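Got a sequence here, can you build the structure:
(chains A and B)
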Amino acid sequence: LAKTTQPISMDSYEGQEVNITCSHNNIATNDYITWYQQFPSQGPRFIIQGYKTKVTNEVASLFIPADRKSSTLSLPRVSLSDTAVYYCLVAPISGYSTLTFGKGTMLLVSP
Amino acid sequence: DTEVTQTPKHLVMGMTNKKSLKCEQHMGHRAMYWYKQKAKKPPELMFVYSYEKLSINESVPSRFSPECPNSSLLNLHLHALQPEDSALYLCASSQHPAAGGSNEQFFGPGTRLTVL
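Next up, the predicted model:
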């Protein structure tokens, strides 16, 4: 499974856009990139998934360059409730895929 | 219903006790998972069940015994645990990869286990 590297922590203020970059240099051809969010004492929650270029949903955007060796999760106009740990994972979408969580990024949003 | 439920929410047990954690989902998912998460660490995969059969055991000690009685239920039986086994135990489910589509995993809220 491809290993991922993310910043350990990030700070932001309410209303700002936050971009969290994840490095996955040895991503395989059939790997997808997925981001999960986890609040304290809760299970992780799926945010967004993509294979290449850009994916957008109601909560975030995911930017993936052509070489796919990195990806950026973009959270528009964060609020205090976005304070959480964000995990980037890469895994195949077909076959038997198990999730290996990296260390994650602790995002702290301040007023 | 897109929810995974876990009971109990909290559990305190002694090293000689036997207890069980329970997980339930009604999304028709045929892949179910147990994870262990220590404080300030990422979740670590313990077991994977596929169509009610154990398919992955990540070298978990035998004092943890999983069971999948049917497609909606997943249990984790605990016996003779050690204090270092204290952690948040998370259950998750997903569509079986053979069914195609996203491999998104739906997680329950976890059981906070304390071993004295």
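
Can you list the low-confidence ranges for the chain?
Looking at chain A here, since you left the chain open. Where chain A drops to pLDDT under 70, the residues are A:1-2, A:94-98.

Sorry, I should have been clearer: chain B.
B:1-2, B:97-102.

Can you pull the residues of it lying near chain A?
Proximity of chain B to chain A is assessed by C-beta under 8 Å from any C-beta of the partner chain, with B:4, B:33, B:42-45, B:48, B:50, B:55-56, B:88, B:90-92, B:97, B:100, B:102-110, B:112 identified as the residues in range. Every residue, glycine included, has its C-beta placed from N, CA and C.

Of these, which belong to strands?
When the residues of chain B next to chain A are checked against strands (DSSP state E), the matches are B:4, B:33, B:44-45, B:48, B:50, B:55-56, B:88, B:90-92, B:106-107, B:112.

can you pull the contacts of the spatially most central residue of chain B?
Taking C-alpha atoms, centre = their mean as the criterion, residue B:34 is the residue nearest the geometric centre of chain B, at 2.8 Å. Residue B:34 makes contact with B:23, B:45, B:46, B:47, B:66, B:74, B:76, B:89, B:90, B:91, according to C-beta atoms under 8 Å, 6 or more residues apart in numbering or on different chains.

And for residue A:103?
The contact partners of residue A:103, by C-beta under 8 Å, 6+ apart, come to A:6, A:8, B:42.

Can you get me a residue count around the residue lying closest to the last one once chain neighbours are set aside?
This points to residue B:42. In space, not counting the residues next to it along the chain, residue B:42 is nearest to residue A:101; the distance is 3.5 Å by C-beta to C-beta, 6 or more residues apart in numbering or on different chains. Each residue near residue A:101 was counted by other C-beta atoms under 10 Å in any protein chain shown, and the total is 20.

hang on, residue A:101 in a helix?
No: counting by DSSP: H, G, I helix; E, B strand; the rest coil, residue A:101 falls outside a helix, being coil.

Quick check: it vs residue B:40, distance?
Here the distance between residue A:101 and residue B:40 works out to 13 Å (C-beta to C-beta, to the nearest Å).

quick one: which helix or strand includes the residue of chain A at minimum distance from chain B?
Using C-beta to the nearest C-beta, residue A:43 is the residue of chain A that sits closest to chain B, at 2.8 Å. For residue A:43, there is no enclosing helix or strand under DSSP states H and E.

wait, doesn't it sit right on residue B:93?
No: under the criterion of C-beta atoms under 8 Å, residue A:43 lies out of contact with residue B:93, with a separation of 10.9 Å.

Which of the two has more residues huddled nearby?
Neighbours were tallied for residue A:43 and for residue B:93 using other C-beta under 10 Å; the higher tally belongs to residue B:93 (26 against 22).

ok, the residue nearest to the spatial centre of chain A - contacts?
Geometric centre of chain A, nearest residue: residue A:35, 3.5 Å, by C-alpha atoms, centre = their mean. Taking C-beta under 8 Å, 6+ apart as the contact definition, residue A:35 lies against A:22, A:46, A:47, A:48, A:49, A:60, A:62, A:73, A:86, A:87, A:88, A:89.
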